[in-house]
Structures are given as C-alpha cells and as structure tokens.
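[1] no FASTA, just this:
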C-alpha cells in the first residue's frame, strides 16, 4: 500500500503543478523563466 499511497501523492502534486502552469500561461505578465520553472518541477 505504501507504493500506491506514494503514487496518489505524486498524482496530486502533478495536478497542482498542471493547474499552476495553466494559470500562469493565461496571464501575459508571466515571464518565460517562471513558465520554465513550473515545467521543470
């Protein structure tokens, strides 16, 4: 079960990062370095 719990945690983290990236891409004021950092994470 520990592996399954870890996978769930990673999936949630990935979803949060995807949402942050999507929000950042919607705003023209977001600089390219910030976008790259979000993609790197």
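    Perfect, I can see it now. On a predicted model such as this, the values are computed, not experimentally measured, just so you know.

[2] pLDDT score assigned to residue 16?
    Note for residue 16: predicted pLDDT of 94.

[3] meant to ask about residue 34, not that
    On the pLDDT scale, residue 34 gets 87.

[4] can you report how many residues lie near it?
    14 (other C-beta atoms under 10 Å). Placement of C-beta: from N, CA and C, glycine included.

[5] that one: helix or strand, and which one exactly?
    helix 32-40 (DSSP states H and E).

[6] buried residues in that helix?
    residue 38 (16 or more other C-beta atoms under 10 Å).

[7] list the contacts of that helix.
    With contact meaning C-beta atoms under 8 Å, 6 or more residues apart in numbering, helix 32-40 is reached by 17, 20, 21, 24, 25.

[8] need those residues in CSV with secondary structure, can you?
    Below are the contacts of helix 32-40 laid out as CSV (DSSP: H, G, I helix; E, B strand; the rest coil):
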residue, secondary structure
17, helix
20, helix
21, helix
24, helix
25, helix
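
[9] so among those residues, which ones count as buried?
    When the contacts of helix 32-40 are checked against 16+ other C-beta under 10 Å, the ones flagged as buried are 21, 24.

[10] just to revisit the earlier point, any idea how far the helix holding residue 34 is from the chain center?
    10 Å (C-alpha atoms, centre = their mean, to the nearest Å).

[11] hang on, the earlier thing: can I get the contacts of helix 32-40 in a markdown table including distance to residue 10?
    As requested, the contacts of helix 32-40 are exported to a markdown table (distance: C-beta to C-beta, whole Å):
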| residue | distance to residue 10 |
| --- | --- |
| 17 | 10 |
| 20 | 16 |
| 21 | 16 |
| 24 | 21 |
| 25 | 22 |
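
[12] which one of the contacts of helix 32-40 is nearest to residue 41?
    Nearest to residue 41, judged by C-beta to C-beta, of those is residue 17 at 5.6 Å.

[13] distance of the closest one relative to residue 30?
    Going from residue 17 to residue 30 by C-beta to C-beta, to the nearest Å gives 14 Å.

[14] before we move on, what about residue 21?
    10 Å.

[15] and for residue 9?
    From residue 9 across to residue 30, the span is 27 Å (C-beta to C-beta).
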